[in-house]
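K.L.:
one predicted model, sequence on top.
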Amino acid sequence: MVELKTDTSIDAMHAAGQVVGRALTAVRRAAGVGVSLLELDEVAREVLREAGASSPFLGYRPSFAPTPFPAVICASVNDAIVHGIPTRYRLRDGDLVSIDCGATLDGWAGDSAISFTVGRPRPADLRLVETAERALAAGIEAAVPGNRVGDIAHAVGRVCRTAGYGIPHGFGGHGVGRRMHEDPDVPNEGRPGRGLSLRPGMVLAIEPMLIASGKDAYYAAEDGWTLRTADGSRAAHVEHTVAVTESGPRILTARETP
């Protein structure tokens, strides 16, 4: 069931989304060669603490997971697509990093993700991240009343496929509200004009996931959470929580430009 949010509820979700935005900005600023993923998780925890927010990630255990998630961020490096568990791994020159973060504030959730490089970037990684951001922008642009979920999926997928990148099947965006994951599912590939009609008050997490090699295959790592590309190629993941409104898409997790 899809819940339509009131303007007041969307404003409250924007407040939660701004906490997420600040956390991601702080993590990106802290990331550098030699910094551990656990240290980045602590940076995000501190932002949430200061805001009086909690983490919808910490302790989360969906049906596929063998254990509850132990952190407030997902930290996915190089061939990890999503759901990476922060560890003592210290970032190396040239690493490609994706950070996913959520916050719950006054009963409402926000969810967002960024991808960036550490140290000297590989040109191919920069192209991958730039394409992911363009795919996200295209998906957001399609999130207007009268369109359908398939229009968002098609917009995202067209950017990814035109650039020659793979898309992991079965993983994509979702509704957001009182819980981090709500109806509807928002795939990263689909046919325009299909699926649920978009109405004012719907709030969606739109989150492209791209695989550099152009292949779609992935596997779950031994931790039961991290998804990795099957061929070892690099991946990028970006995400915003977006409200569908009469005046156009409203990004609830907008953040400072680093």
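P.N.:
It's in.

K.L.:
which parts of stretch 62-79 are buried?
P.N.:
By 16 or more other CB atoms under 10 Å, the buried positions in stretch 62-79 come out as 69, 71-79. The C-beta positions use only the backbone N, C-alpha and C, and glycine is treated the same way.

K.L.:
ugh, wrong one, I meant stretch 205-217
P.N.:
For stretch 205-217, by 16+ other CB under 10 Å, it's 205-213.

K.L.:
now stretch 9-17
P.N.:
Within stretch 9-17, the residues that count as buried by 16+ other CB under 10 Å are 9-10, 12-17.

K.L.:
helices of the stretch 51-200 of the chain, start to end?
P.N.:
Under the criterion DSSP state H, counting those that start in this stretch, helices of the stretch 51-200 of the chain are mapped to 123-141, 149-162.

K.L.:
list the contacts of the shortest one.
P.N.:
Okay, so that is helix 149-162. Here helix 149-162 makes contact (CB atoms under 8 Å, 6 or more residues apart in numbering) with 131-132, 134-136, 138-139, 141-143, 166-167, 172-173, 184-196, 198, 204, 206, 208, 210.

K.L.:
do that again at 6 Å, thanks
P.N.:
The contact list for helix 149-162, computed with CB atoms under 6 Å, 6 or more residues apart in numbering, reads 134-135, 138-139, 142-143, 167, 184, 186-192, 194-196, 208, 210.

K.L.:
out of the buried residues of stretch 62-79, which is nearest to Pro62?
P.N.:
When those are ranked by distance to Pro62 (CB to CB), Phe69 comes first, at 8.9 Å.

K.L.:
so the closest one touches Pro56, yeah?
P.N.:
No - in this structure, Phe69 is not within contact of Pro56 by CB atoms under 6 Å, at 9.6 Å.

K.L.:
comparing the helices of the stretch 51-200 of the chain, which comes out most buried?
P.N.:
helix 149-162 (a mean of 22; mean count of other CB atoms under 10 Å).

K.L.:
leaving out the residues flanking it, which one is nearest to Cys74?
P.N.:
Among residues not flanking Cys74 along the chain, Asp100 sits closest, at 3.9 Å (CB to CB, 6 or more residues apart in numbering).

K.L.:
thought the one you found was touching Ser112?
P.N.:
No - the pair Asp100 / Ser112 is not scored as a contact, 7.5 Å apart, by CB under 6 Å.
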